[in-house]
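Chemist: turn this into a model:
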Amino acid sequence: AVDGFAPAAAAAAVLGEVLSLRQRKMMRPGLVGGGRGDEEKSRNEAMRGDLLVFYSNSTISYYADFKKDGQGLQLLEELGSGGGGNADVKESEEGGSEGMRVELPAVDRMVERMDVAVAMAARQIPELRDRRALLVRSKVMLTCYPGQGSAYVRHVDNPNRNGRVLTAILYLNPDYNPATDGGQIRLFVREGGAVEGKEEAFDVEPLLNRLLLFWSDKRVPHEVLPSSRERYAVTVWYSDAESMSGMVR
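Modeler: Take a look at the predicted model:
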C-alpha cells in the first residue's frame with residue numbers, strides 16, 4: 001500500500017465527486033455471479049453490500065460490461081514516462097444502458113495518476129516487465145459501502161480468466177477509525193504468491209489517499225469486512241489486452 005498517493009487536495013476533490021454521485025442517488029447495488037459476462041449477475045446483499053457506478057469516457061453505467069472493457073483504452077506502455085468536488089451530471093443524448101453523461105475531472109486526473117503508478121511498478125515486477133505493453137485499464141468502479149454492516153464476502157477479482165491482472169484501489173475515507181468504523185479489506189496470501197498451501201490474512205485500513213495494488217487472480221482472495229460507516233473507494237483493474245480482445249465480439 002502507498003499512503004499519501006496523491007496531493008491531499010486531489011484526493012479530496014475525488015471524494016467530493018464520488019460523494020456527489022452518492023447524494024444524487026446515482027449509485028446502485030453491486031451484483032454477484034456471472035463469470036465473464038453480466039447476463040447471470042444478480043443482487044445478493046448477504047454476499048455483497050456495496051453501492052456502485054462504473055465510469056468511463058464521461059459516462060456511467062451499472063455493470064462492468066466485460067465485452068467492452070479494453071476497447072479504446074490507452075496501453076500502459078504509453079504511460080509512465082514521466083480540484084473541484086462535485087460531479088457535473090448531464091442527461092445522455094443516447095440514453096439506454098449506459099445511463100447518464102457525467103463530468104468527473106478529479107476522478108479522470110486521479111486515474112491517470114494511477115495509470116502512471118502501475119506502469120512504473122510493472123517495470124519492477126518480473127512477471128509484468130515483458131507484459132506491460134499488453135495491459136489496458138478497465139472501466140473505473142466508484143463504490144460506497146453504506147455502513148450498517150455492509151460487506152463483501154471472500155472472492156477473487158479474476159476467478160474465470162476474465163483478463164484482469166492487477167487490482168488498484170484508492171481509498172477515500174477521512175477521519176477513519178479502525179476501532180469503530182470497520183470496512184478493512186482482508187487479503188489472503190500465501191508464501192511466494194502460490195495458489196495453494198498455508199495462507200495468512202492481512203487487513204488493510206481504507207484510509208483517505210491510500211493506494212493498494214494486488215494480483216487479481218486466485219493468488220489474492222480477499223474480502224471487505226463489515227463497515228459501520230460509509231466507506232468510499234475508486235477501483236481500477238488492469239487487464240491483459242489479448243485476453244480482453246478475445247472476449248470482445
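Chemist: surely D50 touches Y152?
Modeler: Yes. Here D50 lies in contact with Y152, judged by Cβ atoms under 8 Å, at a distance of 6.3 Å. Yep, even glycine has a C-beta here, placed from its N, CA and C like the rest.
Chemist: tell me the residues that contact both of the two, please.
Modeler: 30, 145, 224 (Cβ atoms under 8 Å, 6 or more residues apart in numbering).
Chemist: now, those residues that are in strands?
Modeler: 145, 224 (DSSP state E).
Chemist: neighbour-wise, which of the shared contacts of D50 and Y152 leads?
Modeler: Tallying neighbours with other Cβ atoms under 10 Å puts Y145 at the head of those, with 29 neighbours.
Chemist: quick check: beta-bridge partners of that residue?
Modeler: R231 (DSSP bridges).
Chemist: now do I60
Modeler: Going by DSSP bridges, I60 is paired in beta bridges with Y55.
Chemist: that one and G16, how far apart?
Modeler: 16 Å (Cβ to Cβ, to the nearest Å).
Chemist: over to K25?
Modeler: Taking Cβ to Cβ, one finds K25 at 17 Å from G16.
Chemist: quick one: which of the two has more around it?
Modeler: Shown here are K25 and G16; by other Cβ under 10 Å, G16 has more neighbours (16 against 8).
Chemist: and the longest helix for the protein?
Modeler: If you go by DSSP state H, the chain has its longest helix at helix 105-122.
Chemist: how about that one: buried residues?
Modeler: Under the neighbour-count criterion of 16 or more other Cβ atoms under 10 Å, helix 105-122 has 106-111, 113-115, 117-119, 121-122 buried.
Chemist: dump the residue contacts of the closest residue to F5 other than its chain neighbours.
Modeler: In space, not counting the residues next to it along the chain, F5 is nearest to L211; the distance is 4.0 Å by Cβ to Cβ, 6 or more residues apart in numbering. Going by Cβ under 8 Å, 6+ apart, L211 touches 1-2, 5, 114, 117, 168-171.
Chemist: just the buried residues of those residues.
Modeler: Members of these classed as buried by 16+ other Cβ under 10 Å are 5, 114, 117, 168-171.
Chemist: so which of the residues you listed sit within strands?
Modeler: Within these, residues falling in strands by DSSP E are 168-171.
Chemist: now do the nearest residue to D3 once chain neighbours are set aside against G4, distance only.
Modeler: Residue nearest to D3 in three dimensions, not counting chain neighbours: R210, with 5.2 Å by Cβ to Cβ, 6+ apart. Distance from R210 to G4, counting by Cβ to Cβ: 8 Å.
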